[in-house]
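A.B. asks: Got a sequence here, can you build the structure:
(2 chains)
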Amino acid sequence: MSQSKIGSWIAVIIGMLYFIVPLIGTFEFSLRMRRGEYSFDAYRVVFADPAFQATFLYSTLMGLITIVIGIVLVVPTAYFIQLRLPKLRPIVEFITLLPLVMPAIVIVFGYLRLYNSSSWIPLTANARTTDLLLAFSYVTLALPYMYRAVETGMRAIDVRTLTEAAEILGAGLPTILFKVIFPNVRVAILSGAFLTFAIVIGEFTMASLLNRPAFGPYLQLIGANRAYEPSALAIIAFLITWACMGLINVFGQARKLKRST
Amino acid sequence: MTVTTDTTPPLPAEPGPLPGPVGTAQKNLAVGQQLWAWIGVAPFFIFSLMFLLLPTLYLLVGAFQDADGHFTPQNLADLFTPTILSAYWISIKVSVASALVGAIIGFFLAYAVVMGGLPAWLRPTLMTFSGVASQFAGLPLAFAFLATLGRTGLVTVLLREFFGFNLYGTGFNLLSFWGLTLTYLYFQIPLMVLILTPALDGLKREWGEAAQVLGASKRQYWTMVALPILFPSLLGATLLLFANSFGAIATAYALTGSSLNIVTILLYAQIRGDVLHNQNLGYALALGMILITGLSNGTYIWLRSRAERWMR
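C.D. replies: Residues are numbered from 1 along each chain as shown, chains lettered A, B, ... in the order given. This next block holds a predicted model:
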């Protein structure tokens, strides 16, 4: 075995240990609730907690709303930029990168000033419109990932030919968008959607500052007050993230397989 | 990352108007299509304006105003007080440390998996792991590290029981600068791996062979060919890592409460309870953050466009 090969093995093993040891540590800790023996009590307590169920449901719903708004905003934009307004591409790319430049806390700070109850558009005056504002804030957080995913998908298909073929067959714009383009970039949309979900589900800053009963602030509350439940919640959160990433991979693989046959 | 580099060629111009009534119809059609395209992208631009640009602009303007709305540079000057400066300083230190260490370890991992001669199955495994771990941030990450390296965490206990090594006796504390850096590395290293692997893939085999034919040693190949080509990607990715940890708040908040005074936590406290007793100073605090992350990300985007020249 050559020297560089040994070095590579060492690097990978150390890297893997760094990823895995905290997970083992967390899992072990989450089992310690009952004195003297391992048990799943912490999980039982968490799942039975009405606040867990309510906040988790709330954040799941938020995630779905965010995904829908994100798709409605991003897909037509990526489509028209690709097909008819290529000059706008740099501007759109710049905008979609902005959320990486501006920390989430700064964006939500701006919301609180611009949309507070004494402003022109008092979105935070009422719980439902605050929910909407929270969903919008999540859309901005997910924008870089969603746009990149959809744009990559659009580039991989021949948007122009598909559009022209549909037009010749007499399809109007809604039919083209929803029945021709959407199904063809479905995999890209799905991977953007799962990533969005992974970001939204445990998000803390936006939900906390907008004062909404989301899963993130619940995690914070439990983390500050309980001993073993936070570890159980961390494991649950990790499994959700894993599931989202795994689903992205599964759909990506399925597409590659379909291509190669 | 499959087909991101093949840029679509500029679209052919709309067919020129034909003579006669057909031409007019075609022209109308083209104008109609263009109109629909603008209507189609309008929601995106209105959304960006309302929920991304205007809120930020509001803070930027507010940073230069006093409580009555008059122009003043005083807020920016007030940023240079010990509390605020130290908050920025700790944030910058944590971000620089976690970005640099993350970049170095991430580079070796990516190198090992791309050209280390390891079995092929390791690569997709590591990439999947990296995808998950780079998104595993926020509060759960803090809980995980508390359970592992906290005072009663698994690693702390194992070290004490089996090796007689008292981690906390060495002055280590998870709720400190190094503790936070160590925790951030959990998502920084995988992020580096994700960004850098395509760049390492882009190093063409021919370059190595050409260098070898010309008599270069492996070391010379790296210092004189590969690293100069990789440099923009490396530096750019490091800057992205920097901004990534600079804007983070949830992990630090759950880990240290308010005991470690980083700038995001200070801003959080300011938004919740006006701890600085000056709303506009809060805007200036946000402005400073935007300047720092903006500078670092701007450089990243610029460097990436340079790096892509070699990736074609």
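A.B. asks: which residues sit in contact with whatever residue of the stretch 51-200 of chain A ends up closest to chain B?
C.D. replies: Ranked by CB to the nearest CB, the top residue of the stretch 51-200 of chain A for proximity to chain B is A:Gly110, at 2.5 Å. In this view, the C-beta of every residue, glycine as well, is placed from N, C-alpha and C. Contact analysis of A:Gly110 by CB atoms under 8 Å, 6 or more residues apart in numbering or on different chains lists B:54-56, B:58-59, B:286.
A.B. asks: hang on, isn't B:Phe246 packed against B:Ile292?
C.D. replies: Yes: between B:Phe246 and B:Ile292 there is a contact under CB atoms under 8 Å: 6.4 Å.
A.B. asks: Name the residue in the two with the higher neighbour count.
C.D. replies: Applying other CB atoms under 10 Å in any protein chain shown to B:Phe246 and B:Ile292 shows that B:Phe246 carries more neighbours, namely 24 against 20.
A.B. asks: contacting residues for the closest residue in space to the more buried one that isn't next to it in sequence?
C.D. replies: Here the nearest residue to B:Phe246 in space, its sequence neighbours aside, is B:Ser95; by CB to CB, 6 or more residues apart in numbering or on different chains that works out to 4.3 Å. Taking CB under 8 Å, 6+ apart as the criterion, B:Ser95 is in contact with B:242-243, B:245-246.
A.B. asks: any shared contact partners between B:Phe246 and B:Ile292?
C.D. replies: With CB under 8 Å, 6+ apart, B:Phe246 and B:Ile292 have common neighbours B:Ile92.
A.B. asks: buried sites along stretch A:91-109?
C.D. replies: A:92, A:95-109 (16 or more other CB atoms under 10 Å in any protein chain shown).
A.B. asks: typo on my end, it should be stretch B:139-147
C.D. replies: B:139-147.
A.B. asks: give me the subset of those residues touching chain A.
C.D. replies: B:139-147 (CB under 8 Å from any CB of the partner chain).
A.B. asks: could you give the mean pLDDT of the strand or helix carrying A:Ser231?
C.D. replies: Assigned by DSSP states H and E, A:Ser231 falls within helix A:229-260. Mean pLDDT, computed over helix A:229-260, is 83.
A.B. asks: and that helix, what does it pack onto?
C.D. replies: helix A:3-30, helix A:41-48, helix A:186-201, helix A:215-225, helix B:122-135, helix B:138-149 (3 or more CB pairs under 8 Å, 6 or more residues apart in numbering or on different chains; DSSP states H and E).
A.B. asks: Could you chop chain B up by domain?
C.D. replies: B:20-63, B:74-310 (automatic domain parsing).
A.B. asks: which residues are contacting the helix or strand hosting A:Thr163?
C.D. replies: Secondary structure assigned from DSSP H and E places A:Thr163 in helix A:159-168. Residues from elsewhere that reach helix A:159-168, judged by CB under 8 Å, 6+ apart: A:79, A:82-83, A:175-176, A:179-181, A:184, B:11.
A.B. asks: can we see that at 6 Å?
C.D. replies: A:82-83, A:176, A:180 (CB atoms under 6 Å, 6 or more residues apart in numbering or on different chains).
A.B. asks: now swap in stretch B:106-126 and tell me
C.D. replies: Outside of stretch B:106-126, the residues within contact range by CB under 6 Å, 6+ apart are A:5, A:8, A:11-12, A:15, B:189, B:192-193, B:196-197, B:200.
A.B. asks: same question, stretch B:37-50
C.D. replies: By CB under 6 Å, 6+ apart, stretch B:37-50 touches A:73, A:76-77, A:80, A:84-85, A:95.
A.B. asks: again, 10 Å this time
C.D. replies: By CB atoms under 10 Å, 6 or more residues apart in numbering or on different chains, the residues outside stretch B:37-50 that reach it are A:69-70, A:72-81, A:83-85, A:88, A:91-92, A:94-96, A:98-99, A:111, A:114-115, A:121, A:136, A:139-140, A:143, A:147, A:173, A:177, B:53-55, B:57.
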